[in-house]
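# The amino acid sequence is not available; the structure is as follows:
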């Protein structure tokens, strides 16, 4: 149990430190094509929810993301989240 919390804290810290340029590189690394404008919307959402990013909250987060993202950007977010939360 302690290991899970530690992993979540490390992920949250990583997301908190993530810059737009880093996010673009990471997206390219995972073959997710996003624009700078999309990163400007997605990154603040991720930072705001950094402690909630896990398998248990996946559907709730995607539901919230769908409200603020364009349909095309939302599809990219789903693909990205699915890659990270297998």
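It's in. What you see is a predicted model; the values in this text were computed from it and never measured.

# Which residues are in contact with the residue most central in space within the chain?
Taking C-alpha atoms, centre = their mean, the centroid of the chain lies closest to residue 46, which sits 4.9 Å from it. Going by C-beta atoms under 8 Å, 6 or more residues apart in numbering, residue 46 touches 15, 18, 53. In this view, the C-beta of every residue, glycine as well, is placed from N, C-alpha and C.

# one more time with 6 Å
In this structure, residue 46 makes contact with residue 15, judged by C-beta atoms under 6 Å, 6 or more residues apart in numbering.

# Using the three-state scheme, assign it.
When classified by DSSP: H, G, I helix; E, B strand; the rest coil, residue 46 comes out as helix.

# change the start of the numbering to 47 and stick with it
In the new numbering, first residue 47, that becomes residue 92.

# separation between it and residue 111?
According to C-beta to C-beta, to the nearest Å, residue 92 and residue 111 sit 9 Å apart.

# and what of residue 128?
Remark: distance between residue 128 and residue 111 (C-beta to C-beta) = 13 Å.

# if you count what's nearby, which of those two comes out ahead?
Neighbours were counted for residue 128 and for residue 111 using other C-beta atoms under 10 Å; residue 111 has more, 19 against 11.

# okay, the nearest residue to that one once chain neighbours are set aside: pLDDT?
Among residues not flanking residue 111 along the chain, residue 123 sits closest, at 5.2 Å (C-beta to C-beta, 6 or more residues apart in numbering). We have a pLDDT of 83 for residue 123.

# Next: the one 4 residues further on.
Per-residue confidence at residue 127 stands at 80 (pLDDT).

# Enumerate every residue touching it.
Taking C-beta under 6 Å, 6+ apart as the definition, residue 127 has no contacts.

# following the host helix or strand of residue 113, which helix or strand comes up?
Under the criterion of DSSP states H and E, residue 113 resides in helix 104-114. Helices and strands here follow DSSP H and E; after helix 104-114, the next one along the chain is helix 117-130.
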